[in-house]
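K.L.:
I need the structure of the sequence given here:
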Amino acid sequence: MVNLTDFGIGSFNPEDYADDNLVYNPLGDYLMEIVDIDQRLSNAGNNMLVIRAEFADGDLIGRKHEFTLNLQHPNADAVNIALKDLAKIDKATGAEVGSRGLPSLLKGKMRVVFVVDPKNPYQNKDGVTCYGSKVSAYKPAGAEKTETTPAAPAEAIAPASVPLTQPTPTGPEQVAGVKPWAK
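P.N.:
Residues are numbered from 1 along each chain as shown. Predicted coordinates for the structure are as follows:
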């Protein structure tokens, strides 16, 4: 089992990286359960902590998602961001990683709020510019689900001429009622 010492981190106090300025943006709030924790090398050869979670409610039940945290990186800011995210996940799950280690995260549940990431544009197969998503908040599993009504108009996030979500797939692999991740 991977542990924080594998990343050269002798001790971890989540309070040192706590961020109480969480933005609860209401664009996709899901209950997730952590199902695996692993260590992987990035394309640049840096060690990353990979936390695999599974959606536990809503339309995405059963779909997997990976949270990758750059706990070893030549850029100190990247490491600091990763430690802050780990602190948020720790707080949301109640795992107490600082005293009980990374395995305490397994089977932990939390609510995760995903929002449109205007800094992450990509071209879909039709050449349309779309945007990926990012996490805006980690919350305890028992926290109230954020409503899906946007607090601000979409134009505040991205230009009105650019779609904020991916178009619905329309190939032979897309069968009505079948979730592609459930294959």
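
K.L.:
and the next helix or strand past the strand of greatest length in the chain?
P.N.:
Using DSSP state E, we find that the single longest strand of the chain is strand 109-123. Next helix or strand after strand 109-123 toward the C-terminus (DSSP states H and E): strand 129-140.

K.L.:
in which helix or strand does residue 78 reside?
P.N.:
For residue 78, the element it lies in under DSSP H and E is helix 76-93.

K.L.:
now the helix or strand immediately after that helix in the chain - C-alpha only, PDB.
P.N.:
Sequence order places helix 97-100 as the next helix or strand after helix 76-93, per DSSP H and E. Output in PDB follows, covering the C-alpha atoms of helix 97-100 (Å, rounded to 0.1, in the frame of the first residue of the first chain):
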ATOM      1  CA  VAL A  97      -4.600  10.900   7.000                       C
ATOM      2  CA  GLY A  98      -2.100  12.800   9.100                       C
ATOM      3  CA  SER A  99      -2.300  10.300  12.000                       C
ATOM      4  CA  ARG A 100      -3.800   7.200  10.300                       C
END
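
K.L.:
could you say what helices and strands helix 97-100 packs with?
P.N.:
helix 76-93 (3 or more Cβ pairs under 8 Å, 6 or more residues apart in numbering; DSSP states H and E). (Glycine included, C-beta is placed from N, CA and C.)

K.L.:
buried ones in the helix it packs on, by neighbour count?
P.N.:
Neighbour-count burial for helix 76-93 flags 78-79, 82-93 (criterion: 16 or more other Cβ atoms under 10 Å).

K.L.:
adding distance to residue 60, write those out as TSV.
P.N.:
Shown next, in TSV, are the buried residues of helix 76-93 (distance: Cβ to Cβ, whole Å):
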residue	distance to residue 60
78	28
79	30
82	24
83	28
84	25
85	20
86	23
87	25
88	21
89	19
90	23
91	23
92	18
93	19
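
K.L.:
residue 13: which of these is nearest?
P.N.:
Relative to residue 13, the closest of the buried residues of helix 76-93 is residue 87; by Cβ to Cβ it sits at 8.6 Å.

K.L.:
report the separation between residue 135 and residue 114.
P.N.:
Distance, residue 135 to residue 114, by Cβ to Cβ, to the nearest Å: 6 Å.
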